[in-house]
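# Provide a 3D model corresponding to the input given below.
(2 chains)
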Amino acid sequence: MRGWDVPENAIDPIHQFNVERLINLHPLGLMDASFTNASLLMVIILGLVTLLMIVGTSRRSLVPGRLQAAAEMSYEFVADTVRSTAGQDGMIFFPFVFSLFMFVFFANILGLLPFSYTVTSQIVVTFALAMMVMSTVILYGFVRHGFHFLKLFVPSGVSPVLLPFIVLIEVISFAARPISLSVRLFANMLAGHITLKVFGGFIVLLLGAGGVAALLAPLPLIGIILLTALELLVAVLQAYVFAILTCVYLNDAIHPGH
Amino acid sequence: MTAPEDGDDAAQRARLKDLSSALDAQRKASAPRSEPAGASSPSGIGQAVNLGFRVMTEFVASVVVGAVIGWAIDHWLGSSPVALILFIGLGTAAGFWSVYRMAAKPSGPPGGR
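Presented below is the predicted three-dimensional model:
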C-alpha cells in the first residue's frame, strides 16, 4: 500500500456483516431490542413480498401482467415443490413453506445489491428459521400421530441387538437437521459475500500499488462479474434448497415410520 | 416394392425405440435433481457445489451434535471422556448414515426414509 491511502473498512471483507443499531431500544433494560440495519432489511423484505403478492393478485386478468405472472409463478413453483415432496397432505403447510421460501429468496437477492445487507448471512436468522421448521415438525408430528411419531426413530426390520444404536443414530441425525439446515444457508451466503469483497479488495490494492500491478486490476474485476453470476445462482438455489428440505422434514411429520 | 419400405420402417422404429430409451435414461438421470427447472438448469457446477455442500454440512452437523450431546452427558454425570468418545463415534455414524440416505434417495420422495 504505497500508493493511495485506502480506508480500513474498504478492504475489510467482514465489515459488510456489521450489525448497526439504527434506533436504540432497551425495553425494561433487560434486553437489547434495537432496530438494526438487519431489521430494516427484514422489514423491506416483508414489504416487498407482501406488495408483490397483493398487487400481483389484485388485477386477476386472464392474460397476466408482469407482476401477476411473477406472483403466479412463485405460487406454482412452491406449490409444485410441496406437492412433489410432501404429497397432497403437505399442502396444509403450503403457506408456511411459501413464506419461508419468499423470505429467504428475497433476503438472498436483496443482499446482492450494493450497500444492502444480507440478512441470511447471520446465523441467528437462519437458525431461527430452521428451529421454526423443526418445532413445526415436532409439534405437528405429536399432535397428529401422538407417540406414533416416535416411530420415525425406529426403522422396521432391524435386529434387536442393533436397535438401540440405530435409534441413537437416528436421534442424532434428527437433531443435526436444524444445524445443517441453518449452517448451509448461512455459510453459502457468508462465503459468497466475503469472496466478492475480497476480490473487490484486490482491485483497490492493485490500483493502489500502481505501475505494472495496476494493469492487472481488471482481472479480479472479471472475477467479480463471474462470481456475481454464480452468487445469483446460489441465492436462488439456496432458497429453493431451504424450501425443499423444509418439505422433506415436514413429510416426516406427516408420514412417520415408513 | 414393399421390401425397402419395410426395412425403412423397421429401421425407423428401431431408431425411435433407441431415441425414446435414451430420452428415458436422460429423464431418469436428471429428474430427481431438477424437476422444477428453476435456476437449476443453467449450470451443473452450481448443482455440484450445492450437493457437495449439503453432504458436508449434513456430515459435520451430525458429528458436532453427537459431540455436544456426549459432552453434556459427561457434564451431568461427571463421567468425563466416556460419553464424549461414545457419542462422537455415534455422531460420525449418524453422519455417514444421513449422507448414505441422501445418496440413495436424493430429494426424499413421499414416503420418506
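# Now do the buried residues in whichever helix in chain B runs longest.
As assigned by DSSP state H, the longest helix anywhere in chain B is helix B:44-77. Residues of helix B:44-77 classed as buried: B:46-47, B:49-50, B:53-71, B:73-74 (neighbour count, 16 or more other Cβ atoms under 10 Å in any protein chain shown). In short, each C-beta sits where N, CA and C put it, glycine included.
# Enumerate the residues of the stretch 101-250 of chain A near chain B.
A:155, A:165, A:168-170, A:172-173, A:175-177, A:179-180, A:183-184, A:187-188, A:230, A:233-234, A:236-238, A:240-241, A:244, A:248 (Cβ under 8 Å from any Cβ of the partner chain).
# List only buried entries from those residues.
Buried by 16+ other Cβ under 10 Å: A:168-170, A:172-173, A:175-177, A:179-180, A:183-184, A:187-188, A:230, A:233-234, A:236-238, A:240-241, A:244, A:248, out of those.
# quick revisit: does the longest helix of chain B come close to chain A?
Yes: residues of helix B:44-77 contacting chain A under Cβ under 8 Å from any Cβ: B:45-47, B:49-50, B:53-54, B:57-58, B:60-62, B:64-66, B:69.
# Any stretches of chain B with poor pLDDT?
Counting by pLDDT under 70, chain B contains low-confidence residues at B:1-7, B:27-43, B:105-113.
# repeat that with 90
Within chain B, the stretches with pLDDT under 90 are B:1-58, B:75, B:77-83, B:97-113.
# Would you mark the buried spots in the helix or strand harbouring residue A:47?
Residue A:47 is located in helix A:37-58, with elements delineated by DSSP states H and E. For helix A:37-58, a neighbour-count test (16+ other Cβ under 10 Å) marks A:38-42, A:44-45, A:49, A:52-53, A:56 as buried.
# next one: stretch A:153-164
Buried residues in stretch A:153-164 (16+ other Cβ under 10 Å): residue A:153.
# Regarding it, how distant is the last residue from the first?
10 Å (Cα to Cα, to the nearest Å).
# where's residue A:71 relative to chain B, distance?
Going from residue A:71 to chain B by Cβ to the nearest Cβ, to the nearest Å gives 16 Å.
# so who does that residue touch?
Contacts for residue A:71 (Cβ atoms under 8 Å, 6 or more residues apart in numbering or on different chains) come out as A:52-53, A:56-57.
# Reformat these as a markdown table; add distance to residue A:193 and pLDDT.
Below are the contacts of residue A:71 laid out as a markdown table (distance: Cβ to Cβ, whole Å; pLDDT from 0 to 100):
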| residue | distance to residue A:193 | pLDDT |
| --- | --- | --- |
| A:52 | 24 | 90 |
| A:53 | 27 | 89 |
| A:56 | 29 | 85 |
| A:57 | 33 | 84 |
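# gap between residue A:157 and chain B?
11 Å.
# Surely that residue forms part of a strand?
No: according to DSSP: H, G, I helix; E, B strand; the rest coil, residue A:157 belongs to no strand; its state is coil.
# does residue A:22 count as helix, strand or coil?
strand.
# Contacts only, for it.
Per Cβ under 8 Å, 6+ apart, neighbours of residue A:22: A:34-37, A:39-40.
# between those residues, which is closest to residue A:129?
Taking Cβ to Cβ as the measure, residue A:39 is the one of those closest to residue A:129, at 15.3 Å.
# What would stretch A:208-215 look like as PDB? C-alpha coordinates only.
Taking Å, rounded to 0.1, in the frame of the first residue of the first chain, the C-alpha atoms of stretch A:208-215 are listed here in PDB:
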ATOM      1  CA  GLY A 208      -3.200   1.500  -5.200                       C
ATOM      2  CA  ALA A 209       0.100  -0.300  -5.900                       C
ATOM      3  CA  GLY A 210       0.400   1.400  -9.300                       C
ATOM      4  CA  GLY A 211       2.800   0.600 -12.100                       C
ATOM      5  CA  VAL A 212       2.600  -2.900 -13.600                       C
ATOM      6  CA  ALA A 213       0.300  -4.100 -10.800                       C
ATOM      7  CA  ALA A 214      -2.300  -1.600 -11.800                       C
ATOM      8  CA  LEU A 215      -2.500  -3.200 -15.200                       C
END
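# name the element the nearest residue in space to residue A:104 that is not next to it in sequence belongs to?
Closest residue to residue A:104 apart from its sequence neighbours, by Cβ to Cβ, 6 or more residues apart in numbering or on different chains: residue A:239 at 4.3 Å. Using DSSP H and E, residue A:239 sits within helix A:218-254.
# got it, and residue B:82?
helix B:80-104.
# which of the residues in that helix are buried?
Neighbour counts using 16+ other Cβ under 10 Å place B:83-84, B:86-88, B:90-99, B:102 of helix B:80-104 among the buried residues.
# counting contacts, what elements does it pack onto?
Packing partners of helix B:80-104 (3 or more Cβ pairs under 8 Å, 6 or more residues apart in numbering or on different chains; DSSP states H and E): helix A:163-209, helix B:44-77.
# what comes up buried for stretch A:67-84?
Of the residues in stretch A:67-84, A:67-68, A:71, A:74-75, A:77-78, A:81-84 count as buried by neighbour count, 16+ other Cβ under 10 Å.
# And stretch A:206-217, by the same measure?
Buried, per 16+ other Cβ under 10 Å, within stretch A:206-217: A:206-209, A:217.
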